[in-house]
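Q: from the sequence below, what's the structure:
(chains A and B)
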There are 2 protein chains.
Amino acid sequence: MRDKFNEQLEQLNVELIKMGALCEEAISAAAKALLEGDAALRETAAAAEREIDQKERDIESLCMKLLLQQQPVARDLRTISAALKMISDMERIGDQASDIAEITRDIEDSPVVSHVPIAEMARSTIGMVTDSIDSFVRKNLGLAQEVIRKDDEIDRMFLDVKDELIRRIGQGDSGETCMDLLMIAKYFERIGDHACNIAEWVEYSLTGQHGDM
Amino acid sequence: MRDKFNEQLEQLNVELIKMGALCEEAISAAAKALLEGDAALRETAAAAEREIDQKERDIESLCMKLLLQQQPVARDLRTISAALKMISDMERIGDQASDIAEITRDIEDSPVVSHVPIAEMARSTIGMVTDSIDSFVRKNLGLAQEVIRKDDEIDRMFLDVKDELIRRIGQGDSGETCMDLLMIAKYFERIGDHACNIAEWVEYSLTGQHGDM
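A: Alright, predicted model coming up:
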């Protein structure tokens, strides 16, 4: 019984890693679709989002099976509760990456794009997502806490982008493009929030304490 | 055993209704904070958000208890899985209402506010949240499906607000205020998405089919 349980827990880890990799792929494709104006990358982001949705359902079934068949307690129960929360955050990350890709359709080849640090936001959030999943799989509390700290950086980047866009509107740049870019920056900021949520659930699964509670 | 189970399911309904009412309160306070420029209402929205977070944890514990002690199957299992999903959407609604209230701090008394249909967006999303929870409690599939259909209306309202704001930027209105209002409209649109998600989970709990799957 216990062996079966450990085997299922191991499978849960593997599936979470795969779902995390799909999130990175979605964010990276969305950012490239914007920066390189490549329409095919929009489809890559959308396809990754669909796979992420499927993974969420698979992992959810696995967690339910673990809960019902094994009736875990204490740390094991927290691990599974945390996994259920984490997949919900990863699913939102997929949505947001796909929303970013969708908006890029309207702003291809705008010169404003290269003047806001979107690539930097993409890079930072991909790193946060990778580290948050890693911290779960490796049960690394320090790494989870590092992700939580990084959230402030992303929030600052969002405000920088916003200020720059306001400045550009004042100089006569297209209001429509600036508003689209604001939405994209906001989506990246939200992706950072979700990575931070994931890290907080890892903290909870390891310590029984949730930073936000 | 079965009586105890039904009693806990009934308690789950009651708690979900309370959490839904808190969401309505948060959205309504945030909208009023914007439209009436009343600072006290910002605190009402923030306090409601904190209560919503607490309710999420309480309901989650209740669901875990139901899963582990009662090992439900078929429709009962779907009801509890749906409840776990719904509270996560309600928690986001609380966040978004609180984010709206936060932004209102920067745009008090701007004349632009009265020219975009924010009050209408607030009214519609409150109605969607109420109906989505009602549809769960009363097991009313038709009502859930009505909420799902309304999502398109909210999406259209968002685009109307966006177009109006772009027009106003072109006429020389403050880029900063217009961008803040765009974010607020986006948050309302997201609240509509979450109400729609809740309705989709109700549909799943009643039929075993999820519209999005």
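Q: residues contacting residue A:154?
A: A:121, A:124-125, A:128, A:188-189, A:192-193 (Cβ atoms under 8 Å, 6 or more residues apart in numbering or on different chains). The way it works is simple: take the backbone N, C-alpha and C, and place the C-beta from them, glycine included.
Q: skipping adjacent residues, who's closest to it in space?
A: Closest residue to residue A:154 apart from its sequence neighbours, by Cβ to Cβ, 6 or more residues apart in numbering or on different chains: residue A:192 at 3.4 Å.
Q: likewise for residue A:193?
A: Per Cβ to Cβ, 6+ apart, closest to residue A:193 is residue A:151, 6.7 Å.
Q: wait, doesn't the one you found sit right on residue A:194?
A: No - checked against Cβ atoms under 8 Å, the pair residue A:151 and residue A:194 is beyond contact range at 10.0 Å.
Q: okay, now residue A:135: neighbour count?
A: Residue neighbour count, defined by other Cβ atoms under 10 Å in any protein chain shown, stands at 25 for residue A:135.
Q: which pLDDT value goes with the most centrally placed residue in chain A?
A: Nearest to the geometric centre of chain A sits residue A:93, at 3.9 Å (Cα atoms, centre = their mean). You'll see residue A:93 listed with a pLDDT of 97.
Q: circling back: which ones are touching the residue nearest to residue A:193?
A: Here residue A:151 is in contact with A:128, A:192-193, A:195-196 (Cβ under 8 Å, 6+ apart).
Q: angle of the strand or helix carrying it against helix B:141-170?
A: For residue A:151, the element it lies in under DSSP states H and E is helix A:141-170. Per axes from the mean of the first three to the mean of the last three Cα atoms, to 10 degrees, the angle that helix A:141-170 makes with helix B:141-170 is 50 degrees.
Q: next structured bit after helix A:141-170?
A: In the C-terminal direction from helix A:141-170 (assignment by DSSP H and E), the next one is helix A:175-207.
Q: so how many other residues sit close to residue A:79?
A: Neighbours around residue A:79, by other Cβ under 10 Å: 23.
Q: pretty sure it is touching residue A:9, no?
A: Yes - judged on Cβ under 8 Å, residue A:79 makes contact with residue A:9 at a distance of 7.1 Å.
Q: who touches both of the two?
A: Common contacts of residue A:79 and residue A:9, defined by Cβ under 8 Å, 6+ apart, are absent altogether.
Q: show me which residues of chain A sit near chain B.
A: A:53, A:57, A:60, A:64, A:67-68, A:71, A:77, A:81, A:84-85, A:88, A:162, A:165-166, A:169-170, A:175-176, A:178-179, A:182-183, A:186, A:212-213 (Cβ under 8 Å from any Cβ of the partner chain).
Q: show the buried residues in these.
A: A:53, A:60, A:64, A:67, A:77, A:81, A:84-85, A:88, A:162, A:165-166, A:169, A:175-176, A:178-179, A:182-183, A:186 (16 or more other Cβ atoms under 10 Å in any protein chain shown).
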